[in-house]
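Undergrad: Here is the input, now give the coordinates:
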Amino acid sequence: MRESENILELAKLLPDYMGFIFYGPSKRYAGELLDAKVLASLPESIIKTGVFVNESVEEIVEITKRYGLSAVQLHGEEPAAACAELKASGLQVIKVVHVGTAVGWRSLERYETVSDYFLFDTADASWGGTGRLFDWNILKDYPSDKPFFLSGGIGIEQLPIPDVVLEKPLWAIDVNSRFEISPGLKDVERIKEFKKKLNA
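TA: I've put the predicted structure just below:
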């Protein structure tokens, strides 16, 4: 998100997390549109999350301090050492795993102790969200107890969440493109509908 009025309107629904993209090439790049004062006014229960791709630890820390963010979502090829450094700074670290037709589960082991959560998103040639679903049956073989976010083109049509996902340590549902009026501008009424159906 990035537009102040839209942020404040959506905040009334008390989402657990709210994301702000700090990856320049993204059409949802928050950049200078984001108002730190507006973010500071949000309810404390909302975990304000910066989304980054292969950014330096120093830059991430500077941006999180500037906007009062308490979590980071890392979508690139960030090394485990960078995750450890960010976690040690007090940030909640969400490491994104790009899922194609399979996942090399052993490759995630190096992130087990240096991240708080994994986030499974649909793989794509470019960085960032694709707005497409991946085959959730892949998660049958998820070998870890680490909680994860489920992402990738999720809309109201995907509810209820199937047992193959619920049987694993699902922590959160990450939604974005299916609830947009335009890039970065959310349809609050549609999100309200999603939340109601999700909690039914």
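Undergrad: how deep is Tyr17 tucked in, by neighbour count?
TA: Counted with other C-beta atoms under 10 Å, residues neighbouring Tyr17 total 17. Where you see a C-beta, it was placed from the backbone N, CA and C, and this is true even at glycine.
Undergrad: what's the longest strand along the chain in contact with?
TA: Secondary structure of the chain per DSSP state E: the longest strand is strand 92-99. Here strand 92-99 makes contact (C-beta atoms under 8 Å, 6 or more residues apart in numbering) with 47, 49, 70-75, 78, 83, 86-87, 103, 108, 111, 114-124, 134, 138, 149, 151-152.
Undergrad: What about these, which are in strands?
TA: Counting by DSSP E, the members of the contacts of strand 92-99 that fall within strands are 47, 49, 71-74, 117-122, 149.
Undergrad: mind listing the helices in the protein by residue range?
TA: Assigned helices in the chain, in chain order: 4-11, 36-40, 57-67, 80-88, 163-166, 188-198 (criterion: DSSP state H).
Undergrad: Can you give me every residue that contacts Phe149?
TA: Contacts here follow C-beta under 8 Å, 6+ apart; on that basis Phe149 touches Ile94, Tyr117, Phe118, Leu119, Phe120, Trp171, Ala172, Ile173, Asp174.
Undergrad: excluding its backbone neighbours, what's nearest it?
TA: Leu119 (3.9 Å; C-beta to C-beta, 6 or more residues apart in numbering).
Undergrad: and the two most separated of the ones in strands among the contacts of strand 92-99?
TA: Based on C-beta to C-beta, the longest span within the ones in strands among the contacts of strand 92-99 runs between Ile47 and Thr122 and measures 23.0 Å.
Undergrad: Just to check, Ala172 is in contact with Leu150?
TA: Yes. Ala172 sits in contact with Leu150 when judged by C-beta atoms under 8 Å, with a separation of 7.5 Å.
Undergrad: Compare those two (neighbour count), which wins?
TA: Under the neighbour definition other C-beta under 10 Å, Ala172 and Leu150 were set side by side, and Leu150 has more, 23 against 17.
Undergrad: How many neighbouring residues does the residue lying closest to Pro162 once chain neighbours are set aside have?
TA: Computed as C-beta to C-beta, 6+ apart, the closest residue to Pro162 that is not its neighbour in sequence is Trp136, at 6.5 Å. Neighbouring residues of Trp136 were enumerated by other C-beta under 10 Å; the total is 18.
Undergrad: Please apply the same query to Phe120.
TA: Once other C-beta under 10 Å is used to define contacts, Phe120 is seen to have 24 neighbours.
Undergrad: mind checking how far it is from Ile173?
TA: 11 Å (C-beta to C-beta, to the nearest Å).
Undergrad: anything in contact with each of the two?
TA: Common neighbours of Phe120 and Ile173, using C-beta under 8 Å, 6+ apart, are Phe149, Leu150, Ser151.
Undergrad: that older thread, closest to Lys197 among the contacts of Phe149?
TA: Ile173 (11.3 Å).
Undergrad: For the closest one, name its beta-bridge partners.
TA: Taking DSSP bridges, one obtains Leu150 as the residues bridged to Ile173.
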